[in-house]
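>>> what follows is a predicted protein model with its sequence.
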Amino acid sequence: MTGFRKAPSPEGQAPETRTVEMSMQQALNRALDEVLAENPKAVIFGEDCGRLGGVFRITDGLQAKHGEGRVFDTPLAESGILGMSVGLAMAGFHPIPEVQFDGFAYPAINQIVCQMARMNYRSRGTLPMPITLRVPSFGGIRAPEHHGESLEALFAHVPGLKVVSPSNPNEAYHLLKYAATRPDPVIFMEPKSRYWQKGDVDLDGGGSPDAERNTGAKVMREGRHITLVAWGAMVARCLQVAELAAEDGIDVEVLDLRWLKPIDAEALASSVAKTRRAVVVHEAPLTSGLGAEVAQLITQSCFDTLKAPVERVTGFDVPYPSGDLEDEYIPNIDRILFGIQRVLEYRRG
Amino acid sequence: MDTLPPPDASNEAAPLTPIQLRELYSLMVAVRHLDTSTIAWQRQGIIPGYAPELGQEAAQVGSGYAVDTTRDFVFPTYREMGVARAMGVDMVAYMATHKATWHGGLYDPLTSRLAPIQAVVAGSVLHAVGWAHGQTLDNKDGVAMAYFGDGASSQGDVHEAMNFAAVMKAPVVFFTQNNGWAISVPTERQVAGGSVAARAAGYGIPAIKVDGNDVVAVVEATRRAFAHCRAGNGPVAIEAMTYRRGPHSTSDDPGRYRSLDAERTDAGVDPLERFRKQLLADGVGDESFFAEALAAAKAEEEQIRTGIQALGSRPGTEMFDLVFQETTPALQAQAANWREESEHV
Ligand SMILES: Cc1ncc(C[n+]2csc(CCOP(=O)(O)OP(=O)(O)O)c2C)c(N)n1
């Protein structure tokens, strides 16, 4: 795919193979620990991420281990946190700031959009912005207002930013290590409803960030009849849907998009060329969501072979609702099955 | 620190009467009891979460008590249950936000004079300035009061709001509850320039730093500030020095950033205990009055608990209907699909 340079693989070294079961929270914590150990210029900061280890404990123990100069609490000001990241990057650091909850990235939008995303361009490449902004993202935890939002389309729309979201502990570990070694700003959207889910993490090769493994989309389940495209917490839900659909003889392929910008159009094309049908599933509101982008990319590459228009199953164009209505808002299994059915039953007029 | 010009005869409020002092005590007991009970409700699964205010009763009740709900307007954050109670807001409707029934609560902001609860710290401070400037434009004498914490005072919005208010001479009381902590970060790692009150000088705003554990002192400071604003002199900053005794919220673990011993030493005198002793010493309250106040608080709490347990979820259609005054075709289509697919038709 485009947008990434290939990292050279260390020659002649047989990679260690170790698989460890851990939660996504532990996997992210481990990745950050290794990034700090490997890159003396990496610094982590944000609200409560030092002594407390972050409200989600993603930076747990890192201050004690790496010192207050590497991992520190800032005053409670998102614009300040992001503005400070830009200055640190100009001074040669690799900042890994945290915004405590997705909804609180809004107060920092000015620094993200007008400074962080443009400095490389403005300075003709002399001031790169190797910043990884970690954002606990999406809903599913009955949180108060602004503590569960889906900002991917907003970020993906901004020139100069890259956006990625992991779907399980293994992806979290590898994608974060990879993102934190990129020379460009990456918005790293952590699905907070999956923080405590466990899974096998392949610590192969000490987890050295490897472009081959960490760029592009990934087929999480092979299938012949229809492709479900998802990212973040929706990947696990789509895998559940695929199990249920299989009982009715529908063979679903699940594609984890992983990178929301740049999007892996080739992976979309090759999956849908096989299944000839697709449904995009996301938590964000429908209108101007990334589902539209994905559908367009599929249409563009598979128009002649598509058996039906690409469907979307998404949140609604409403402010993210309170906990009691969250299950109505986030695409549930039934709504995704309806989406699959709409595609399967489509007849040309 | 007190840079607010002393009250003159025309605006000096009369000292609190014994009836008012007893009313303040009853309010503080009601708030204390409801606050500790609400934490229990969370543990029992009745509500998903809550931001306690143990130790902040004097600051909240005292300031809320000074509000004239026929003309003033209050802009809270997420921790102002005591202010709401002192202002007479419907507590079931208030608690609905913590029940996850509806963000912002279910009370009517216009009649209660309390803006909807919101979670972006310092987010509403600028709203207070806009509302207050509207009073000036309308030739009215209402005062806006914005609540925020020492942590929130780090937000640019607070500084923008203070500057705007000072330039426009807007009748705003900036009420900081300095409870010592912003989740895990102590005030000295949060506030530069000595104190929030000291910063006000930079905007030419008079300020009072008050003992936030002394309810009478808080009432008096807030009344003076309101009088100053109402007389057309522009904004005032009040910093009530208090202490958040428990966790930041029901999902916080304060053991990670302070010890129980430190908490006991730093918290100072319990504001409720202190007031009770004062009333006893002054002969304003006796044991039977204190017992009555507690019994009333318990009855009230039970009625509120029953009320919120009876609160059903809001109908899903409200999710769509309340976005705009005039809805859009896209939203209508989504609502129709939602009704069909969820079999709620
Ligand atoms: C803009 C924003 N950033 C982060 C948060 C998450 N958060 C909620 S409360 C809080 C600490 C607030 O401290 P302070 O203003 O002193 O008020 P207190 O909670 O102590 O009453 C934080 C970091 C938030 N609500 N809003």
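Looks like it came in fine. Numbering: from 1, shown residues only, chains lettered A, B, ... in the order given.
>>> now A:L297, nearest residue through space, not along the chain?
Among residues not flanking A:L297 along the chain, A:A265 sits closest, at 4.8 Å (Cβ to Cβ, 6 or more residues apart in numbering or on different chains). In short, each C-beta sits where N, CA and C put it, glycine included.
>>> what is the neighbour count of the closest residue to the ligand within the stretch 101-250 of chain B?
Nearest residue of the stretch 101-250 of chain B to the ligand, counting by Cβ to the nearest ligand atom: B:G149, 2.3 Å away. Neighbours of B:G149 under the rule other Cβ atoms under 10 Å in any protein chain shown: 28.
>>> so it touches B:N178, yeah?
Yes - look at B:G149 against B:N178 with Cβ atoms under 8 Å: they come within range, at 7.3 Å.
>>> look up how far B:V74 lies from B:W131.
Relative to B:V74, B:W131 is positioned 10 Å away (Cβ to Cβ, to the nearest Å).
>>> which neighbours do those two share?
Counting by Cβ atoms under 8 Å, 6 or more residues apart in numbering or on different chains, the residues touching both B:W131 and B:V74 are B:A144.
>>> which one's more surrounded, the two?
Taking other Cβ under 10 Å, B:W131 and B:V74 do not tie; B:V74 has more neighbours (29 against 22).
>>> any idea how many residues pack against the residue of chain A found nearest the ligand?
Nearest residue of chain A to the ligand (Cβ to the nearest ligand atom) works out as A:F104 at 4.1 Å. Neighbours of A:F104 under the rule other Cβ under 10 Å: 22.
>>> same question, B:T187
18.
>>> again with A:P128
A:P128 has 16 nearby residues by other Cβ under 10 Å.
>>> who does A:S23 bridge with?
A:K198 (DSSP bridges).
>>> list the contacts of it.
A:P169, A:Y195, A:W196, A:Q197, A:K198, A:G199.
>>> how about A:A233, phi and psi?
phi -70, psi -20 (degrees, to the nearest 10).
>>> quick check: it vs chain B, distance?
Distance, A:A233 to chain B, using Cβ to the nearest Cβ, to the nearest Å: 19 Å.
>>> pretty sure that residue contacts A:E190?
No - contact criterion Cβ under 8 Å: A:A233 and A:E190 do not qualify, at 9.8 Å.
>>> could you report the pLDDT at the residue of the stretch 101-250 of chain B closest to the ligand?
Predicted confidence (pLDDT) at B:G149: the value is 98.
>>> residues contacting whichever residue of chain B sits closest to chain A?
Here chain B gets closest to chain A at one residue, B:A100, 3.3 Å apart by Cβ to the nearest Cβ. B:A100 sits next to A:R142, A:P144, A:S322, A:G323, A:D324, B:I47, B:P48, B:G49 when contact means Cβ under 8 Å, 6+ apart.
>>> ok, B:N139 to B:A40 distance?
48 Å.
>>> in the chain, which spans are helices?
Unless you meant another one, I'm taking chain A. Applying DSSP state H to chain A gives helices spanning A:24-38, A:62-66, A:78-90, A:109-110, A:119-122, A:152-156, A:169-179, A:211-214, A:233-247, A:265-275, A:290-302, A:323-329, A:333-344.
>>> actually, chain B is the one I wanted.
B:18-43, B:57-65, B:81-86, B:91-95, B:109-112, B:125-137, B:156-168, B:196-200, B:215-230, B:260-267, B:271-281, B:287-310, B:317-321, B:329-341.
>>> if you count contacts, what does the first one end up packed against?
Helices and strands in packing contact with helix B:18-43 are listed as helix B:57-65, helix B:81-86, helix B:215-230, helix B:271-281, helix B:287-310; criterion 3 or more Cβ pairs under 8 Å, 6 or more residues apart in numbering or on different chains; DSSP states H and E.
>>> now that helix against helix B:215-230, angle please.
100 degrees (axes from the mean of the first three to the mean of the last three Cα atoms, to 10 degrees).
>>> need the residues of the stretch 151-300 of chain A near chain B, please.
Counting by Cβ under 8 Å from any Cβ of the partner chain, the stretch 151-300 of chain A comes close to chain B at A:L286, A:T287.
>>> show me the shaky parts of the stretch 151-300 of chain A.
Along the stretch 151-300 of chain A, the parts satisfying pLDDT under 70 run over A:205-207.
>>> neighbours of residue 110, how many?
By default, I'm working from chain A. 14.
>>> if you could check chain B rather than the one you did, that'd help
B:L110: 9 neighbours (other Cβ under 10 Å).
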